[in-house]
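[1] Quick one, fold the following:
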Amino acid sequence: PMVTRRWNESDEAKSGYVEELFSALARRYDVMTDVWTLGLHRLWKRQTMKLCALQPGERVLDVATGTGDLAFLEAAAVGPDGEVVGVDSCAAMLDVARQRQRGAVAFEEGDAMDLRFPDGSFDVVTIGFGLRNVADRGRALREFRRVLRPGGRLVVLDFSTPTSRVLKGVHDLFYFGLMPTIGWAVAWHHDAHHYTADSIRTWLSRDGLRTMMSDVGFADARYVSLSTGFATVHLGERAGD
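    Numbering: from 1, shown residues only. Just a heads-up that it's a prediction; the model follows:
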C-alpha cells in the first residue's frame, strides 16, 4: 500500500506516518533489515546484549521491539526468573513478533512517548533502531528514565556515521546511494527506502544523543561504536533520586 503522510511535518503526523509505514512493511521487515545492514544487525544486537550485561531475574522493557529480536535475546539472558516486555506502537509488527515467539516475552502495543507502566518498573530499558523513529525523542527518554528503578540501565542501539573520512564515504554511498535502490527492490514500497535513508541522514550525532540523555537525567551517559562506527550503543543509568 502507498503511504501518503510525510515524516517531516508535525510530531503527530510523523507518529502516524511511521506507524502506517511499518504496518505496511511488517511482513518484509526482517528481510529488509538483513539487506540494509548486510546482516550486521545480528552481530550488533549480540554485542548490545554483552554491553547490556543482563542478569538472571532482571525485568526488562524493550521499546519499539518490532519483530522481537532484542526481546528474545533478553529473555534468554534473564532466564525463567526474569521478565521481558516488548512494546511497539505497530500492531502488525507485534503480530510477526508473536508468530516468531522464542522464550517468554510479553508483547504489548504501546507508545514510547507515553509508556503505560508505573514508575520504577524495570531494571533495564532497551530500544534498538527505534529512537530514530520517535517524534519527540526527549519525551521518550524521559519516559524511559521514569519507568526505570533507581540504578536501572538504558541501552540504545542505532545507526551512526563513521568518523573516518573514508568509511564515512562508504557509509554515505551505501545508505544514501545504493540503499534507496536496494530498498525498493526488497520492500516493494514507495516510501520505505526514502524514509530510512532520510531518518539516518537526520539522526542525532553520537555526542548529540549522549548530551540529550544527560539532559533528561541519565547518569554516566556514554557510547560504544560498533563496526567502526556504522552503529553505536548508548548507555546510561538512572541515578537515585
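
[2] How confident was the prediction at residue 6?
    At residue 6, the pLDDT value in this model is 48.

[3] Which helix or strand lies directly C-terminal to the least confident helix or strand in the chain by mean pLDDT?
    In the chain, the helix or strand scored least confidently by mean pLDDT, DSSP states H and E is helix 179-187, which has a mean of 61. Using DSSP states H and E, the helix or strand that follows helix 179-187 in sequence is helix 192-201.

[4] What helices and strands are in contact with that following helix?
    When contacts are defined as 3 or more CB pairs under 8 Å, 6 or more residues apart in numbering; DSSP states H and E, helix 192-201 sits against helix 11-25, helix 179-187. Backbone N, C-alpha and C define where each C-beta goes, glycine included.

[5] now do 6 Å
    helix 179-187 (3 or more CB pairs under 6 Å, 6 or more residues apart in numbering; DSSP states H and E).

[6] can you map out the strands along this structure?
    59-63, 83-88, 105-109, 122-128, 148-159, 218-226, 231-238 (DSSP state E).

[7] what lines up beside the last one in the sheet?
    According to DSSP bridges, the neighbouring strands of strand 231-238, each with its direction, are strand 148-159 (antiparallel), strand 218-226 (antiparallel).

[8] Could you point out which residue ranges in the protein have low pLDDT?
    Residue ranges of the chain with pLDDT under 70: 1-14, 177-194, 241.

[9] neighbours around the residue nearest to residue 27 when sequence neighbours are not counted, how many?
    Residue nearest to residue 27 in three dimensions, not counting chain neighbours: residue 96, with 6.8 Å by CB to CB, 6 or more residues apart in numbering. By other CB atoms under 10 Å, the residues close to residue 96 number 18.

[10] that older thread, so for residue 204, which of the strands paired with strand 231-238 sits nearest?
    Nearest to residue 204 among these is strand 148-159 (8.7 Å), distances taken as CB to CB.

[11] hang on, the earlier thing: could the strands of the chain go into a markdown table alongside distance to residue 167 and mean neighbour count?
    Formatted as a markdown table, the strands of the chain follow (distance: least, CB to CB, whole Å; neighbours: other CB atoms under 10 Å):
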| stretch | distance to residue 167 | mean neighbour count |
| --- | --- | --- |
| strand 59-63 | 29 | 25 |
| strand 83-88 | 32 | 25 |
| strand 105-109 | 35 | 16 |
| strand 122-128 | 22 | 25 |
| strand 148-159 | 13 | 21 |
| strand 218-226 | 11 | 16 |
| strand 231-238 | 12 | 22 |
